[in-house]
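A.B. asks: Got a predicted structure here, sequence first:
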Amino acid sequence: MIDPKIVEEIKLRNPIEDVMAQYADLKRAGSNMVCLCPFHSEKTPSCTVFTARQSFYCFGCGAGGDVISLVRRAEGLEYVEALEYLGKRVGIEVVNTDERRPRYDKNRLYEMNKAAARFFRDVLFSRPEGEAGRQYARSRELSEAVVKHFGIGFAPDSYTALSGYLKDLGYTDEEMVACFLAKKNERGRLYDIFRARLMFPILDVSGNVIAFSGRRIDGGKEMKYVNSADTPLFYKRKNLFALRYAKNSCADNLILCEGQMDTIALHAAGFENAVATLGTALTPDHARLLTKYTKKVTLCYDSDEAGVNATQKALRILGEVGLETAVLQLTGAKDPDEYLKKYGKDAFARLLGETRSKFRFSLDSILAKYDMKQTDDRVRAIEEICRMLADVYSVSEREIYTREIAEELGVSADSIKQDTDRLIAKARRERKKAESEEARRRIAGIGDRVNPDYVSNTGAASAEDQLLGLLLLYDEHRATVLRHPDLLSPEDFITAFGKKIFSLILEGEKNGQYSEAALGESLTVEEAARLEALKMKRVSLRQNGAEVFAAYCAALREEKKKKELDKSAVSADDLAGYFAGLHKKLNEK
């Protein structure tokens, strides 16, 4: 358990507005601040930072909580890890006195990954079993300087080489499995995951080895790349290859590639602002990560059909977080690595100066699919172009594009505008309908993962929500339930979520150590966000005194009685059926 005083001190020294500024651009809105939510894609701010209460809440996706919840959600950390993160930020050491230690010591896992990277590097540079890796590196024209810079190594063709090495260093089977360095077979025997592969260590922005990517070196049937799965140190959707180096390149934009080899080739040619995703398509989390380091992203994907489709998807995701985008068109080569080998870095630099905008790339992609000399194809192309324009948020930007398209295709700008406006209106109606349906589902508790009991106990759950909101906001109500246990007890709650939260509040009050920050230690980030929502429901209401609290206590007890009566009640039909069945059995005998 963390000393509650330490928790409160850490929160005090980490104002939520300062921490939120690491993830989003804040703007003043009265006494509060607003921003684009860092946890879902949006174009208009729906996230509010309440500076007085030191909390945040997104009215779009429901994310919320205090500064600890913010860091947990943003960095993918557990409660104690988030406290350590915030503690380091202000020079406070966090000591966990709870005997229930985390299953894995992350410092050990970092050291184990570092040892694995050193093992792979030594095999590549100095061991006989690394000769195949050395030959492959030469065939890909990877210089020794580049290999050393990226820490590239080689996994020997052995089932136990790495795991045996790590065991000798004192690391356990469980730690190796947790970090995706080894697996266990059906007999429970450990074996190495990476074998006969060129190995690329994945670093976080602090320089820690958090994962690996292994490339096949022959033309076999196995997967070209084997990438670390999500581990206690690594989340694919939140990390980018070479970001550690690219963030320091001083470039005004970042080049986003599809793979490690393309990124390494660009760095070797002097384009040190290149990064790549790791075994997954670009995600909104990647896009939000990029916003921390740049305002513009140049997409440099493969020129085949799959690459074009990936580019279109990436443009949409990057645009949703407000990043300026451009597309680099490769001609005469399928990917950046091949282009650099064929034409050199000067030619690539010229290409960078001739990138296409998101609009131009999307328009060219549409026009390439149709024969514009055929009337039917022209109609279908214009329909698709109007759908593209309908997704452009800025009215002035859409107007400029409309005029350019009209002139290029020889049609009237008014007709394109009318068709586009019709699509926008239709999308707005569908969005409002979906939002209304979602609101209805939310009120009814349908699909509620935080409180799944809500939907079958709406009356009781509603009363519980009001009571929890009052307890979280006002000291006097917590003192009341402590002095008068007959007024409200955990047994009065029907939903498991309500009972859990009330029990935690009551336990904290009894121990004299209640604080909402300490409460978070026993909650998931989703549960913490729900508590923020409950507080917001009550804080906007004028009547929050003792009479209101007592009324909700009575309402909850009444709902409890109803439920118990429903369980014990036997209908006339049930009785008739019972006696009919009994009569039949007696006659059979």
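C.D. replies: Now that the structure is in, tell me what you want to look at.

A.B. asks: rest of the way, CA atoms for contacts and neighbours
C.D. replies: OK.

A.B. asks: Show me the strands in the stretch 201-350 of the chain, by range?
C.D. replies: 209-216, 225-227, 254-257, 274-276, 296-299, 324-327 (DSSP state E, counting those that start in this stretch).

A.B. asks: strand partners of the last one, parallel vs antiparallel please.
C.D. replies: Read it as strand 324-327. With DSSP bridges as the test, strand 324-327 is paired with strand 296-299 (parallel), strand 356-357 (antiparallel).

A.B. asks: now the second one
C.D. replies: Using DSSP bridges, strand 225-227 pairs in its sheet with strand 209-216 (antiparallel).

A.B. asks: thinking again about what came up before, I'd like to know which of the strands of the stretch 201-350 of the chain lies nearest to A550.
C.D. replies: strand 209-216 (52.6 Å; C-alpha to C-alpha).

A.B. asks: Which residues does the closest one contact?
C.D. replies: If you take C-alpha atoms under 8 Å, 6 or more residues apart in numbering as the criterion, strand 209-216 is touched by 110, 113-114, 117, 179, 194, 196-204, 222-228, 233-234, 278.

A.B. asks: per-residue confidence averaged over that strand?
C.D. replies: What strand 209-216 shows for mean pLDDT is 95.

A.B. asks: quick one on the thing from earlier: out of the strands paired with strand 324-327, flag the one nearest E141.
C.D. replies: It's strand 296-299; of the strands paired with strand 324-327, that one is closest to E141 (C-alpha to C-alpha) at 23.9 Å.

A.B. asks: what does that closest one rub up against?
C.D. replies: Contacts of strand 296-299 (C-alpha under 8 Å, 6+ apart): 252-257, 311, 323-328, 355.

A.B. asks: of the residues you listed, closest to F497?
C.D. replies: The closest of the contacts of strand 296-299, once distances to F497 are taken by C-alpha to C-alpha, is L323, at 39.2 Å.

A.B. asks: How many residues are close by the closest one?
C.D. replies: Neighbour count for L323, taken as other C-alpha atoms under 10 Å: 18.

A.B. asks: cool, E186 as well?
C.D. replies: That count, for E186 with other C-alpha under 10 Å as the rule, works out to 7.

A.B. asks: And the one 4 residues further on, by the same measure?
C.D. replies: Here the number of neighbours of L190 (other C-alpha under 10 Å) works out to 19.

A.B. asks: Is it bridged to anything, and to what?
C.D. replies: Applying DSSP bridges, one finds that L190 bridges with K184.

A.B. asks: who are the neighbours in contact with it?
C.D. replies: Counted by C-alpha under 8 Å, 6+ apart, L190 has contacts 160, 163, 173, 182-184.

A.B. asks: and the protein, what are its domains?
C.D. replies: 4-90, 106-234, 243-363, 369-442, 454-568 (automatic domain parsing).

A.B. asks: In CSV, list those domains along with distance to D448.
C.D. replies: CSV is the format used below for the domains of the chain (distance: least, C-alpha to C-alpha, whole Å):
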stretch, distance to D448
domain 4-90, 12
domain 106-234, 26
domain 243-363, 23
domain 369-442, 7
domain 454-568, 7
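
A.B. asks: was I right about R195 contacting A161?
C.D. replies: No. Between R195 and A161 there is no contact under C-alpha atoms under 8 Å: 9.1 Å.

A.B. asks: May I have the predicted confidence score for the closest residue in space to D66 that isn't next to it in sequence?
C.D. replies: Using C-alpha to C-alpha, 6 or more residues apart in numbering and skipping residues adjacent in sequence, the residue nearest D66 is S55, 4.4 Å away. We have a pLDDT of 94 for S55.

A.B. asks: Next: N587.
C.D. replies: So N587 comes in at 57 (pLDDT).

A.B. asks: ok, which stretches of the stretch 51-200 of the chain are strands?
C.D. replies: Under DSSP E, counting those that start in this stretch, the stretch 51-200 of the chain gives strands at 55-58, 64-65, 153-155, 182-184, 190-192, 197-203.

A.B. asks: starting at the chain centroid, how far to the fifth one?
C.D. replies: Between the centre of strand 190-192 and the centre of its chain there are 30 Å (C-alpha atoms, centre = their mean, to the nearest Å).

A.B. asks: ok, the nearest residue to A333 once chain neighbours are set aside to S303 distance?
C.D. replies: Nearest-residue entry for A333: Y339, 5.1 Å, with adjacent residues in sequence omitted and distances by C-alpha to C-alpha, 6+ apart. Here Y339 is placed at a distance of 11 Å from S303 (C-alpha to C-alpha, to the nearest Å).

A.B. asks: same check, this time on T280
C.D. replies: In terms of C-alpha to C-alpha, T280 sits 18 Å off from S303.

A.B. asks: In terms of neighbours, single out the busier of the two.
C.D. replies: The residue with more neighbours, out of T280 and S303, is S303; 19 against 12, by other C-alpha under 10 Å.
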